[in-house]
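S.K.: Starting from these lines, generate the structure:
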Amino acid sequence: MTQHHLADPGAGAPGPFGRLLTAMVTPMTSDGSLDLDGAARLASYLVDDQANDALVISGTTGESPTTTDAEKERLLRVVVEAVGDRAQVVAGVGTNDTRHTIELAVAAEKAGAHGLLVVTPYYNKPPQAGLIRHFTAVADASGLPVMAYDIPHRTGVALATETLVRLAEHPRVVAVKDAKGDLVATSWVTSRTDLAFYSGDDALTLPMLAIGAVGLVGTSTHLTGAATKRMIEAYAAGDTATAVALHRKLLPLFTGIFRCPGTILVKAALAVRGLPAGPVRSPLVAATDAELDQLRIDCADAGLELR
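M.R.: Predicted coordinates:
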């Protein structure tokens, strides 16, 4: 079995998608349809003002379970046109059906995506052999680099260490969005492969960097992107004290944005700031006044004013 080796944590170049990515919400109009002009404006804000190296479109935060394939394609094309010349655009294409995922991957490549985010199939709980076959088939179906998304508390199944080692042998499986919360398992994979690990949990970014991760695919980064980028770059430059200070400062929002599903609170915060957001689609519901008041407190505790 071929084994790969990673450079010293924080010492190497940024990962294949840079260091900071935001899983972008999908702006919608008051009637719940896509706000494509808003999507272009929000994408530009996240890249130009919040220092994102790449954006994930149609991830869970983008309400992918309730957008159609056609909507996903239109959204992707608009975002690529808006920011694709200065940031990478990664398309969320994962489903629990390999054939459907391949169709979305092929469509994303045609629409101009720079990479694919492929979540572990959910609900049907495939065995590890099925996961290997699923990710391999998707990676074989296009020429785009693949980031595997490991989030067992949503999907019901985790990518085992040996499975990730196997997948690392595929030339287009290049990264992992790691929301498993198992730093020991992640350490074993980073020590045995050259997969680029991105934290999938905002609050665990700094600990993940310490064991070999390269960055974050974030949610609170709609609001904290520039400061989070500074934290990541400080650690990469060996300035651990600054990285720890920024981690502690941002922690109230790293965690507070998930007091209810992150999409709900991000859209509420963006609306307060006059940025494109709009409503969420059912079964999600809008933030309550109490939730928004708490978010204002969390923002203030993180040194940000929500207004």
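S.K.: CA atoms for contacts and neighbours, from now on please.
M.R.: Noted.
S.K.: Give me the contacts around stretch 293-307.
M.R.: Counting by C-alpha atoms under 8 Å, 6 or more residues apart in numbering, stretch 293-307 makes contact with 249-253, 256-257, 265, 269, 272-273, all of which sit outside it.
S.K.: Let's see if you can find the most crowded of the residues you listed.
M.R.: Taking other C-alpha atoms under 10 Å as the neighbour criterion, Leu253 ranks highest of the contacts of stretch 293-307 with 27 neighbours.
S.K.: Run through the strands of the stretch 51-200 of the chain in chain order.
M.R.: 54-57, 88-92, 115-119, 146-150, 173-178, 196-199 (DSSP state E, counting those that start in this stretch).
S.K.: Pick out the residue nearest the middle of this structure.
M.R.: Most central in the chain under C-alpha atoms, centre = their mean is Val217, positioned 3.4 Å from the mean C-alpha point.
S.K.: State the distance from that residue to Glu71.
M.R.: 22 Å (C-alpha to C-alpha, to the nearest Å).
S.K.: Pipe the strands of the stretch 51-200 of the chain into TSV and attach distance to Leu42 and mean pLDDT per row.
M.R.: Converted to TSV, the strands of the stretch 51-200 of the chain look like this (distance: least, C-alpha to C-alpha, whole Å; pLDDT from 0 to 100):
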stretch	distance to Leu42	mean pLDDT
strand 54-57	11	98
strand 88-92	13	98
strand 115-119	20	98
strand 146-150	23	98
strand 173-178	22	98
strand 196-199	22	98
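S.K.: Of all those, which one is nearest His222?
M.R.: His222 lies closest, by C-alpha to C-alpha, to one member of the strands of the stretch 51-200 of the chain: strand 54-57, at 10.6 Å.
S.K.: Surely Thr242 is in a helix?
M.R.: Yes - under DSSP: H, G, I helix; E, B strand; the rest coil, Thr242 falls within a helix.
S.K.: how close does the residue nearest to it when sequence neighbours are not counted sit to Leu253?
M.R.: Of all residues not flanking Thr242 in the chain, Ala234 sits nearest, at 6.3 Å (C-alpha to C-alpha, 6 or more residues apart in numbering). Separation of Ala234 from Leu253 (C-alpha to C-alpha): 19 Å.
S.K.: next one: Pro126
M.R.: Where Leu253 is concerned, Pro126 sits at a distance of 34 Å (C-alpha to C-alpha).
S.K.: quick one: the helices in the stretch 201-307 of the chain?
M.R.: All helices of the stretch 201-307 of the chain, identified by DSSP state H, counting those that start in this stretch, fall at 205-210, 221-236, 240-256, 262-272, 289-301.
S.K.: can I get those helices in CSV with mean pLDDT and distance to Tyr122?
M.R.: Compiled in CSV, those are given as follows (pLDDT from 0 to 100; distance: least, C-alpha to C-alpha, whole Å):
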stretch, mean pLDDT, distance to Tyr122
helix 205-210, 97, 24
helix 221-236, 98, 25
helix 240-256, 98, 24
helix 262-272, 98, 19
helix 289-301, 97, 29
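S.K.: Ok, which of those helices comes nearest Thr190?
M.R.: helix 205-210 (10.3 Å).
S.K.: what comes up buried for that closest one?
M.R.: 205-206, 208-210 (16 or more other C-alpha atoms under 10 Å).
S.K.: for these, which one is nearest Thr161?
M.R.: Met208 (15.9 Å).
S.K.: how far away is the residue nearest to that closest one when sequence neighbours are not counted from Val280?
M.R.: Spatial nearest neighbour of Met208, chain neighbours left out: Ser199 (6.3 Å); criterion: C-alpha to C-alpha, 6+ apart. In this view, Ser199 and Val280 are 25 Å apart by C-alpha to C-alpha.
S.K.: Likewise for Ile132?
M.R.: Distance from Ile132 to Val280, by C-alpha to C-alpha: 34 Å.
S.K.: for Thr242, same thing?
M.R.: In terms of C-alpha to C-alpha, Thr242 sits 36 Å off from Val280.
S.K.: okay, these two: which has more neighbours?
M.R.: Counted by other C-alpha under 10 Å, Thr242 and Val280 do not tie: Val280 has more neighbours, with 24 against 16.
S.K.: Dihedrals phi and psi, the more buried one?
M.R.: Main-chain torsions, Val280, degrees, to the nearest 10: phi -100, psi 160.
S.K.: Where does pLDDT dip in the protein?
M.R.: Counting by pLDDT under 70, the chain shows low-confidence ranges at 1-13.
S.K.: Neighbours of the nearest residue to the residue nearest to the centre of the chain once chain neighbours are set aside, how many?
M.R.: Leaving aside its chain neighbours, Val217 sits nearest to Leu21 (4.6 Å; criterion: C-alpha to C-alpha, 6+ apart). For Leu21, the neighbour count with other C-alpha under 10 Å is 30.
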